[in-house]
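Visitor: sequence first, then the predicted structure:
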Amino acid sequence: GAVVSQHPSRVICKSGTSVKIECRSLDFQATTMFWYRQFPKKSLMLMATSNEGSKATYEQGVEKDKFLINHASLTLSTLTVTSAHPEDSSFYICSAGTNSYFNEQFFGPGTRLTVL
Amino acid sequence: EDQVTQSPEALRLQEGESSSLNCSYTVSGLRGLFWYRQDPGKGPEFLFTLYSAGEEKEKERLKATLTKKESFLHITAPKPEDSATYLCAVRSYNNNDMRFGAGTRLTVKP
């Protein structure tokens, strides 16, 4: 149980294009999903918290218009990197909570984004 | 502000050589301390959650312990397949998200 999937696992795009990454909770309903960014050999940096049916909460320094988050259902959240540039190249990971109180998080496999 | 510091940054062990990884934390009201394992190019894999000082949890060769200031992840007789980055994270009652440490990169040589 508690499986989180991400799609695509790897994407390469040209500078200026937009990329959408999907995060799905496969066997549970997630009222809250989190989006992280991870640089090589670095830890996870929280970008935003996505709540089903409401606007996402972004961390300081994360551009809302750059990283669009939509949490349309209890099993799906999407992250769209708009007008991607090479500096947006990174490993993006989502996670979903399974327990509303203790809020243990399970992570997706990640999406490797490379912007040329 | 919640802070998590992991040490060492990297650890190289021989197969069968037991050791411990440290996670020091400062948090206003600990809601939970989490250990994850991450393999290169993969998302973190959940290992343990600890909620209060004195709590211990075990899974195969791993044992996690918690005090009011730090947590240890003990690895007994490690095998090469235990090689990975081990991440520690905390959640406080003030935040709904997790704060992660930088991780410890463990390499176990046969």
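Guide: Now that the structure is in, tell me what you want to look at.

Visitor: give me phi/psi at the closest residue to chain A within chain B?
Guide: In chain B, the residue that lies nearest chain A is B:Gly43 (3.9 Å; Cβ to the nearest Cβ). C-betas here are computed from N, CA, C, even on glycine. Main-chain torsions, B:Gly43, degrees, to the nearest 10: phi -80, psi 160.

Visitor: same thing with B:Pro80?
Guide: phi -50, psi -30.

Visitor: and the helix or strand that contains A:Thr49, what does it pack onto?
Guide: Using DSSP states H and E, A:Thr49 maps to strand A:44-51. Helices and strands touching strand A:44-51, by 3 or more Cβ pairs under 8 Å, 6 or more residues apart in numbering or on different chains; DSSP states H and E, are strand A:32-38, strand A:57-58, strand A:67-73.

Visitor: closest to B:Leu47 out of those strands?
Guide: Nearest of the helices and strands packed on strand A:44-51 to B:Leu47, taken as Cβ to Cβ: strand A:32-38 at 17.4 Å.

Visitor: give the contact list for the closest residue to B:Cys23 other than its chain neighbours.
Guide: For B:Cys23, ignoring the flanking residues on the chain, the nearest one in space by Cβ to Cβ, 6 or more residues apart in numbering or on different chains is B:Cys88 at 3.4 Å. If you count contacts by Cβ atoms under 8 Å, 6 or more residues apart in numbering or on different chains, B:Cys88 has them with B:4, B:6, B:21, B:23, B:25, B:33-36, B:71, B:73, B:100-101, B:103.
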